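[1] return atomic coordinates for the entry below.
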Amino acid sequence: MIYSEKFDRYIDNDLVVYRYVRRYDKLIQCKPRVRSDGRRDLRTKAGKMLYHRLIWEMIKGPIPPGYQIDHIDTDPSNNKLENLRLCSQTENMNNPLTRRHLKESHKGIVRIRDFGDRFKEHFGISMKDNRSLYKNEWRWYISHNRTCRWEVENADT
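    Predicted structure coming up:
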């Protein structure tokens, strides 16, 4: 079991993080919070910290400025030490699995300019006339499986 005074946390061989509770005089397992992007974070003495960064700093030492911790298999829930590596942002983005993952996640994303003419036809205004309305329509467009609100309305008729 390794103790870090900086974070006031303990970590065991299975990479489970514990904190000491004086009231009960025992170690309690820290349960990380799962964020919307799949990564986990914990509150520590030093503040809120990503779980994989905490593991790296407790076992391997501090992360130099300008460097990141990369999940080699691009799975943010896999925080095993053999799956983590210290690298620059360029090296992180050049990880073949990361590049494939990013490429697949951006398939089919529609940019605002892709439906500008249809927006103008439907509302009778351009993006320059009412930028906030245009932005809200775009958000709706992305959040509803890339189907325009005006296309849905026109499809019913």
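
[2] tell me where the model's unsure across the protein.
    Across the chain, the ranges flagged by pLDDT under 70 are 98-157.

[3] list the contacts of Thr90.
    Contact analysis of Thr90 by C-beta atoms under 8 Å, 6 or more residues apart in numbering lists nothing. For glycine as for every other residue, the C-beta is placed from the backbone atoms N, C-alpha and C.

[4] do Asp41 as well
    Pro32, Arg33, Arg35, Lys48, Met49, Leu50, Tyr51.

[5] filter those residues to the buried ones?
    Among those, the ones that count as buried by 16 or more other C-beta atoms under 10 Å are Pro32, Met49, Leu50, Tyr51.

[6] which SS class is the second one?
    Met49 falls in the strand class when you classify it by DSSP: H, G, I helix; E, B strand; the rest coil.

[7] this protein: helices as residue ranges?
    51-59, 89-93, 96-105, 116-123, 131-143, 149-156 (DSSP state H).

[8] rewinding a little: closest one to Glu57 out of the buried ones among the contacts of Asp41, please.
    Of all the buried ones among the contacts of Asp41, Met49 has the smallest distance to Glu57: 8.2 Å, by C-beta to C-beta.

[9] contacts only, for that closest one.
    Contacts were defined as C-beta under 8 Å, 6+ apart; by that measure Met49 touches Phe7, Asp41, Leu42, Arg43.
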